[in-house]
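return a 3D structure for these sequence lines:
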Amino acid sequence: MANELAPYIVKFRRDDTVFTEGDPGNEMYFVHSGRVRIQKDIDGKPEVLAVMEKGDFFGEMALLDHMPRTATAIIEEDSELLKVDSGNFEKLLQNNIEIAVRMIRKYASRLRDATMRLEMELKDRKAMDRGIQEILESVKAKPSEVTPPGAILASFVGDKAAGTFQVNKEVSTIGREDPVTKIVPDIDLTLADKTRSVSRRHARLERVSGQFLLTEEVGVRNGTFVHGERLKPGTPITLTDGAKVTFGQVDLSFKVAKS
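Coordinates of the predicted model:
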């Protein structure tokens, strides 16, 4: 089979770009040797989706649906790729049944992974709904708790570069300014977030019955940590005075205002 595939083998050097997100595509690739990094531009920052090794394939969606590339492929080490276009795709599968079987198995594995991720997201959504319901019930039980307008309830305090962020609302959104919609969260960490590690809607802080509840929004990439422990998205935790909180890579201390 090696001799049959030889005409389709293309050699690449490290850091070569196989294709770029948005490019038109009429070819797919099998990794014969080496490693290929698949990445996508998210919020202006390249995020690694997968690393392809010998036996893996990529780029097949553009070949099958003739749509632009949805990600970028970059060579991580000198590689040999089997290049397949629409003209020889069917012929290659007919003459090499093991390649067809490999593709079917890989798609089954990807489908299984996608199903598992969906199940986790549904569990997180149910946990978030339970947390919201508990908060609503607590608010109904304590209708007398009212904050005077402009009163400082608490603060997130960082180093000199990060600064201090005051909490003066019963419910505050935490995140980074959206440059497209111009939406600014109540606690805007844009200037403190030099590495753009904070999501635009990163977390939510609520005061309920005198306690502060911190909840990470579902879908946050770089996480929220309290005393080094990552929060479970959608599940509120009680934030106490002096707690060390990290949003993405922004380190802050939580201080409750003295009554």
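
apart from its chain neighbours, what residue comes closest to the most centrally placed residue in the chain?
Per C-alpha atoms, centre = their mean, the C-alpha nearest to the average position across the chain is that of Arg221, at 3.6 Å. Closest residue to Arg221 in three dimensions, ignoring its sequence neighbours and counting by C-beta to C-beta, 6 or more residues apart in numbering: Ser199, at 6.2 Å. Quick note: C-beta positions are derived from backbone N, CA and C, even for glycine.

circling back to that earlier point, the residue nearest to the centre of the chain touches Arg201, doesn't it?
No - using C-beta atoms under 8 Å, Arg221 is not in contact with Arg201; the gap is 11.7 Å.

so where does the residue nearest to Gly25 when sequence neighbours are not counted fall, helix or strand?
In this structure, Gly25 finds its nearest non-sequential neighbour in Ala62, 2.8 Å apart by C-beta to C-beta, 6+ apart. Following DSSP states H and E, one finds Ala62 within helix 60-65.

returning to what we had before: thought the residue nearest to Arg221 was touching Glu177?
No - using C-beta under 8 Å, Ser199 and Glu177 do not qualify as a contacting pair, with a distance of 11.5 Å.

sketch out the low-pLDDT regions of the stretch 101-250 of the chain for me.
Where the stretch 101-250 of the chain drops to pLDDT under 70, the residues are 107-108, 110, 113-114, 124, 127, 129, 131-132, 134-150.

quick one, helices of it?
Defined through DSSP state H, counting those that start in this stretch, the helices belonging to the stretch 101-250 of the chain form an empty list.

so where do the strands sit in it?
Remark: strands assigned in the stretch 101-250 of the chain by DSSP state E, counting those that start in this stretch are 154-157, 164-167, 171-175, 187-188, 203-208, 211-216, 224-226, 229-230, 237-239, 244-247, 250-256.

now the fifth one against strand 250-256, angle please.
Relative orientation of strand 203-208 and strand 250-256, computed by axes from the mean of the first three to the mean of the last three C-alpha atoms, to 10 degrees: 10 degrees.
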